[in-house]
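Participant: here's a sequence, model it:
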Amino acid sequence: MARIGSGTVVTGLTASALALVTVLALQAKGAVHETPTAAGGGSSGSSGASAGPSARPSAAPKPVAVPADSGSGKRVVYALGAKRVWLVDPAHAAADRTFTVQPSTVGPVAGTYSVYNKIATAYKGSDGVEIKNAVLFTRHSGAIIGFSSAVDGTTPAPDPSVHTGGIRETLGDGQALFDFTADGTKVVVVA
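Facilitator: Residues are numbered from 1 along each chain as shown. Below is the predicted model of the structure:
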């Protein structure tokens, strides 16, 4: 039986590691989280700066338009089916923002609500997850319904056996929603 020298093993391992790093880098490059708005400006986690000379306008994702049946004026729009939120302020349209969310096991029904409480500090949500930047706007089926971010930044699907109304977003999106709202801010829920 032929012996393989240690130099051959190291070379093989190094080549494999480089191939793996290349694959991961390519996957990461394609997984940038962008959330363009109807105004075409801004994205979640992005400064809005150009990606460089190789960026092509035709490669940009199409803006996700605010639902037509979501009313008017400054408001938070939550589309249940799209699992998406828009922060809409006609006075500052260039700053409008949209992002995806993870719905709770108990959701609101379509309608118009008002923010009635905001909690910036971290506390344990009804699902046992440590949350912050809670923006509460209604109750349904005994659950308090509102937006919040998990302190650890994750947005996993909720345990279907737990009766909870926490609609989760990333830390950055949660901070933006918290800063955008005040008690009384309109929340429009559409199908």
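Participant: who touches stretch 166-173?
Facilitator: Stretch 166-173 has contacts (CB atoms under 8 Å, 6 or more residues apart in numbering) with 33, 35, 44-45, 78, 85, 97, 99-104, 107, 125-127, 129, 131, 134, 145-150, 153, 155, 158, 174, 177. C-beta: built from backbone N, CA, C; applies to glycine.
Participant: least confident secondary structure element in the protein?
Facilitator: None of the helices or strands of the chain scores lower by mean pLDDT, DSSP states H and E than helix 6-30, at a mean of 51.
Participant: next SSE downstream of it?
Facilitator: strand 75-79 (DSSP states H and E).
Participant: can you tell me the strand partners of the next helix or strand after that next one and which way each runs?
Facilitator: With elements assigned by DSSP H and E, the helix or strand that comes after strand 75-79 is strand 84-88. When pairs are called by DSSP bridges, strand 84-88 turns out to pair with strand 75-79 (antiparallel), strand 97-100 (antiparallel).
Participant: and those strands: which comes nearest A182?
Facilitator: strand 75-79 (11.1 Å; CB to CB).
Participant: that older thread, which of the strands paired with strand 84-88 sits closest to P90?
Facilitator: Between the strands paired with strand 84-88, strand 75-79 lies closest to P90; by CB to CB that is 9.4 Å.
Participant: which residues are in contact with D159?
Facilitator: 105, 127.
Participant: if you set the cut-off to 10 Å instead, what comes out?
Facilitator: 105, 127-129 (CB atoms under 10 Å, 6 or more residues apart in numbering).
Participant: what is the nearest of those residues to S141?
Facilitator: Among those, and counting by CB to CB, the member closest to S141 is T105, at 9.5 Å.
Participant: hmm, back to that, distance to V162, mean pLDDT and mean neighbour count added to the strands paired with strand 84-88, as JSON lines?
Facilitator: Compiled in JSON lines, the strands paired with strand 84-88 are given as follows (distance: least, CB to CB, whole Å; pLDDT from 0 to 100; neighbours: other CB atoms under 10 Å):
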{"stretch": "strand 75-79", "distance to V162": "20", "mean pLDDT": "98", "mean neighbour count": "22"}
{"stretch": "strand 97-100", "distance to V162": "21", "mean pLDDT": "96", "mean neighbour count": "22"}
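Participant: can you tell which of those is closest to A68?
Facilitator: Checking the strands paired with strand 84-88 against A68 by CB to CB gives strand 75-79 as the closest, at 10.6 Å.
Participant: follow-up on the earlier one: dump the strands paired with strand 84-88 into a markdown table; add distance to I167 as well.
Facilitator: Formatted as a markdown table, those follow (distance: least, CB to CB, whole Å):
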| stretch | distance to I167 |
| --- | --- |
| strand 75-79 | 7 |
| strand 97-100 | 11 |
